[in-house]
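Participant: sequence unavailable; structure follows:
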Ligand code: C5P
């Protein structure tokens, strides 16, 4: 059994209002994407990493890998073409994997640079047990369902907090299950914001592994400063 990792890194990152896509911004002196790659490269059970990038970023990513992960043979690192949506980027990478049905595939947002080896290992263990597992964080705030109106949001109900988990990544799956769920989603034209939603609609149970606040997705201004804070706490 091998573990393959896909890092979708082809986003443009318009919410960040930065001069370049957020996966290339510097965190503690290193590009965010490199932190994410190094985290998975440090896990002995990981066999290969596939990074999905926009065509115009390919040369830059290859140069960064050569600079910051020199001579990396285990796991191997491949750069593949991303797509117009996160799902398409993951599907493109999935098509390139030379994986057996029973191998595992973990998908991790390139912009969650502070993932730690212990959480990756727990995710792998949960996928081995359940076939599908994601990292998630219990909700701290009270959660409201709303209706959008012309005057703003109106609450329609309160969702009991104990039933809510905020999805993070990595999200891991047995390769045959993931390929089948992606094929069904493509046939139906379903576009999900994560892989678990694709697996859920295929009817497969997905387990949850406890995540952490520090595994944040760098998305908006302010997130980078918070990530710098968490990174400094680690050192
Ligand atoms: O868009 P969002 O912030 O949810 O992006 C999550 C991850 O998906 C990021 O690492 C981003 O680079 C990636 N992505 C991608 N291809 C796209 C859009 C997003 O690989 N077309």
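Facilitator: Sure, I can see it. In this text the structure is predicted, and so the values were computed from the model without any measurement.

Participant: CA only for contacts and neighbour counts going forward, please
Facilitator: Noted.

Participant: got a pLDDT number for the residue nearest to residue 116 when sequence neighbours are not counted?
Facilitator: Closest residue to residue 116 apart from its sequence neighbours, by CA to CA, 6 or more residues apart in numbering: residue 39 at 6.3 Å. Note on residue 39: pLDDT of 98.

Participant: tell me who's in contact with residue 39.
Facilitator: Contacts of residue 39 were listed using CA atoms under 8 Å, 6 or more residues apart in numbering, and they are 113, 114, 115, 116, 117.

Participant: against residue 112, how distant is it?
Facilitator: Applying CA to CA, to the nearest Å, the value for residue 39 to residue 112 is 10 Å.

Participant: you'd agree the residue nearest to residue 116 is in a helix?
Facilitator: Yes. The assignment for residue 39, made by DSSP: H, G, I helix; E, B strand; the rest coil, places it in a helix.

Participant: helices along this protein, start to end?
Facilitator: For the chain, the helices defined by DSSP state H cover 32-41, 58-68, 86-96, 117-130, 175-188, 195-201, 223-234.

Participant: residues from the protein in reach of the ligand?
Facilitator: By CA under 6 Å from any ligand atom, the residues of the chain that approach the ligand are 8-11, 52, 82-86, 89, 109-111, 219.

Participant: what values do phi and psi take at the residue of the chain most remote from its centre?
Facilitator: No residue in the chain sits farther from the centre than residue 151, which is 34.5 Å out by CA atoms, centre = their mean. Per-residue torsions, residue 151: phi -100, psi 10 (degrees, to the nearest 10).

Participant: so for the longest strand seen in the chain, what gets flagged as buried?
Facilitator: Counting by DSSP state E, the longest strand found in the chain is strand 165-174. Residues 165, 167, 168, 169, 170, 171, 172, 173, 174 are the ones in strand 165-174 that count as buried (16 or more other CA atoms under 10 Å).

Participant: what residues are up against the fourth one?
Facilitator: What it means is residue 169. Neighbouring residues of residue 169 by CA under 8 Å, 6+ apart: 107, 108, 109, 112, 134, 135, 136.

Participant: so which of those residues comes closest to residue 2?
Facilitator: Nearest to residue 2, judged by CA to CA, of these is residue 107 at 14.2 Å.

Participant: what's across from the closest one in the sheet?
Facilitator: In this entry, residue 107 is beta-bridged to residue 6, residue 171, by DSSP bridges.

Participant: shouldn't it be in contact with residue 175?
Facilitator: No. If you go by CA atoms under 8 Å, residue 107 and residue 175 don't touch, sitting 11.2 Å apart.

Participant: having no further points to raise, I will conclude here.
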